[in-house]
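Student: Have a look; sequence and predicted model below, questions after that.
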Amino acid sequence: MSRKSWLLGSAALLLGLILCRNLAITAPVQTDRQNPRDTEAAKSVAMPAPLFSLTPITDNKLKVFAQALALVEEQYPEAKTTKDLVYGAIQGTVGTLDPHSSFMTPEEFKELQIETKGKFSGIGIEITLKDRILTVVSPIEGTPAYQVGIQAGDQIVKINGATTKNMSLTEAVKLIRGAKGSKVTLTINREGFTQPRDFVIVREIIPIRSVKARILEDGIGYIRLANFQDQTDQDLQNYLKKMRQRLMPFKGLVLDLRNDPGGLLEQAVRVADEFLGSGLIVYTEGRNPQQTMRFYARPGHEGERPMVPMVVLINEGSASASEIVAGALKDQKRAVIVGTKSFGKGSVQTIIPLEDGSALRLTTALYYTPSGQTINEKGIVPDVVVEDLAPPPGKSLQNLRDEALDRHMRREGITDKPWDLPLTPAELNHDPPLKQAVEMLRHWPPKNLAQRPPASP
């Protein structure tokens, strides 16, 4: 067989794999079997073993594709293997879809499988491609990226001096990750910067403590979710149980989802279920009927869980699973949402293994709140908009962030202290959204709660 005819055959097979599979995919929420989790590379992933059938390829346009591959292989100045060309073709195809779909080589797929078990070293950020620019969704609280001051919305223009222009998420993650104790330099562009700045970050095994808490003297509890991982719902239940015993009466709860980049879909459903006695939590819709699912709160558990007044805090760093929780509690009129609009990451990625050990990370569905509002690229709009602390005269917003980071580094942050040590007025003054949430709970119910339309069943 000639080289051109071989390439034509491989091109037909390649496009058949990409475009013409009839997939029978395990639902992404079935994490008891697959246990997906968010990482620096992926959001809301599942890793099923799909069943598929190939449809014969007859489209004459595929001849153009095969001819292009053959010309590159024969005439490009640097020798390229057929494997490189085929992988590049898949990457190019998937890259035209959306920021969250990508192709993984066998090596990259193996690394992702390790990541999903939580055993990897890195710097602790969630990233995405926003307007084709590598952008930080959120630094994970307590990680190296968080400690050096990386922020939600930061644009990563270089990694170790290499430009990120036209770089895929997979490539970026591969460069950012590395051995514990090694360093990576991110060149960051941020609103307010006159020019990009370098941040040198030492990689570590990422310590993720999912749930933190504090209380107030007047019977109000504060719970912060840093992300959604295996034990989030159990840790949340433990803190709620402690608060019921410590706060008598238990008058209200602030659930802080700010800068929470997401995690397990299963955990998002369970966390929302902690505060709902019935009704729809979230639903997904995709072209494949098996990707259309609806998730409901379990009925009849009101007596088991605290049905106290609630305020949920969100910001532009709240994404994916945290948006599911905020959207469900808002639509079901269970909580008032305070802060700024969330990130808008509302799509489901399914990991589909391919025959040679590589895999596709493919967007297969979108999330919708109970009222039918899409989360993707829209985000959750708060009921009450409260911006972060405005800088006083002579200080910039960056000065305030630096001071907050200094407090955290000295373990003087809100969640660095014992959970049962009451928050002080001074601590609340440093956090306007939290202060607003506490004031709303002290004067419950807020008027705007009754003005919202009910969610559709």
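Tutor: Thanks, I have it.
Student: ranges for the helices of the chain?
Tutor: For the chain, helices defined by DSSP state H occupy the ranges 3-19, 31-34, 61-75, 82-95, 106-115, 144-148, 169-176, 232-246, 265-273, 321-331, 397-409, 425-429, 432-442, 447-451.
Student: Of those, which stretch is the most buried?
Tutor: helix 321-331 (a mean of 29; mean count of other Cβ atoms under 10 Å). Heads up, the C-betas are built off the backbone N, CA and C, glycines and all.
Student: Measure how it sits relative to helix 265-273, angle-wise.
Tutor: 30 degrees (axes from the mean of the first three to the mean of the last three Cα atoms, to 10 degrees).
Student: Pipe the helices of the chain into TSV and attach distance to Glu217 and mean pLDDT per row.
Tutor: Below are the helices of the chain laid out as TSV (distance: least, Cβ to Cβ, whole Å; pLDDT from 0 to 100):
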stretch	distance to Glu217	mean pLDDT
helix 3-19	60	34
helix 31-34	39	27
helix 61-75	69	87
helix 82-95	54	90
helix 106-115	42	74
helix 144-148	29	92
helix 169-176	43	87
helix 232-246	11	93
helix 265-273	26	93
helix 321-331	25	97
helix 397-409	21	56
helix 425-429	10	92
helix 432-442	11	95
helix 447-451	25	54
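Student: Is it possible to get JSON lines of those that adds distance to Arg294?
Tutor: Formatted as JSON lines, those follow (distance: least, Cβ to Cβ, whole Å):
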{"stretch": "helix 3-19", "distance to Arg294": "29"}
{"stretch": "helix 31-34", "distance to Arg294": "17"}
{"stretch": "helix 61-75", "distance to Arg294": "39"}
{"stretch": "helix 82-95", "distance to Arg294": "28"}
{"stretch": "helix 106-115", "distance to Arg294": "28"}
{"stretch": "helix 144-148", "distance to Arg294": "35"}
{"stretch": "helix 169-176", "distance to Arg294": "29"}
{"stretch": "helix 232-246", "distance to Arg294": "20"}
{"stretch": "helix 265-273", "distance to Arg294": "11"}
{"stretch": "helix 321-331", "distance to Arg294": "12"}
{"stretch": "helix 397-409", "distance to Arg294": "40"}
{"stretch": "helix 425-429", "distance to Arg294": "39"}
{"stretch": "helix 432-442", "distance to Arg294": "30"}
{"stretch": "helix 447-451", "distance to Arg294": "25"}
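Student: Out of those helices, which is closest to Leu280?
Tutor: Of all those, helix 321-331 sits nearest to Leu280, with 7.6 Å by Cβ to Cβ.
Student: Show me what the closest one is packed against.
Tutor: helix 265-273, strand 280-285, strand 310-314, strand 336-339 (3 or more Cβ pairs under 8 Å, 6 or more residues apart in numbering; DSSP states H and E).
Student: again, only using 10 Å
Tutor: strand 220-225, strand 252-256, helix 265-273, strand 280-285, strand 310-314, strand 336-339, strand 359-368 (3 or more Cβ pairs under 10 Å, 6 or more residues apart in numbering; DSSP states H and E).
Student: Alpha carbons only: can I get it in CSV?
Tutor: What follows is helix 321-331, C-alpha atoms only, in CSV (Å, rounded to 0.1, in the frame of the first residue of the first chain):
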residue,chain,number,x,y,z
ALA,A,321,-20.3,22.3,41.1
SER,A,322,-20.5,25.5,43.3
GLU,A,323,-22.7,27.1,40.6
ILE,A,324,-24.9,24.0,40.7
VAL,A,325,-25.4,24.4,44.4
ALA,A,326,-26.0,28.2,44.3
GLY,A,327,-28.4,27.8,41.4
ALA,A,328,-30.4,25.1,43.1
LEU,A,329,-30.7,27.0,46.4
LYS,A,330,-31.6,30.2,44.6
ASP,A,331,-34.2,28.7,42.3
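Student: Tell me what angle that helix forms with strand 310-314.
Tutor: Helix 321-331 runs at 140 degrees relative to strand 310-314, counting by the same axes, to 10 degrees.
Student: between helix 321-331 and strand 220-225, how many degrees?
Tutor: Going by the same axes, to 10 degrees, helix 321-331 makes 140 degrees with strand 220-225.
Student: Direction-wise, compare helix 321-331 with strand 252-256 and give the angle.
Tutor: Counting by the same axes, to 10 degrees, helix 321-331 lies at 140 degrees to strand 252-256.
Student: of all the helices of the chain, which lies closest to Val386?
Tutor: When the helices of the chain are compared by Cβ to Cβ, helix 432-442 sits nearest Val386, at 4.4 Å.
Student: And that closest one, what does it pack against?
Tutor: On a contact count with 3+ Cβ pairs under 10 Å, 6+ apart, helix 432-442 meets strand 220-225, strand 252-256, strand 310-314, strand 336-339, strand 384-385, helix 425-429.
Student: returning to what we had before: mind putting the helices and strands packed on helix 321-331 in JSON lines, distance to Thr96 included?
Tutor: JSON lines is the format used below for the helices and strands packed on helix 321-331 (distance: least, Cβ to Cβ, whole Å):
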{"stretch": "strand 220-225", "distance to Thr96": "35"}
{"stretch": "strand 252-256", "distance to Thr96": "37"}
{"stretch": "helix 265-273", "distance to Thr96": "26"}
{"stretch": "strand 280-285", "distance to Thr96": "22"}
{"stretch": "strand 310-314", "distance to Thr96": "31"}
{"stretch": "strand 336-339", "distance to Thr96": "34"}
{"stretch": "strand 359-368", "distance to Thr96": "12"}
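Student: domain parsing for this protein?
Tutor: Listed domain ranges for the chain are 3-113, 121-205, 211-347+362-451 (source: automatic domain parsing).
Student: circling back: generate a markdown table for the helices and strands packed on helix 432-442, with distance to Gln147 as supplementary columns.
Tutor: Below are those laid out as a markdown table (distance: least, Cβ to Cβ, whole Å):
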| stretch | distance to Gln147 |
| --- | --- |
| strand 220-225 | 17 |
| strand 252-256 | 19 |
| strand 310-314 | 22 |
| strand 336-339 | 23 |
| strand 384-385 | 29 |
| helix 425-429 | 20 |
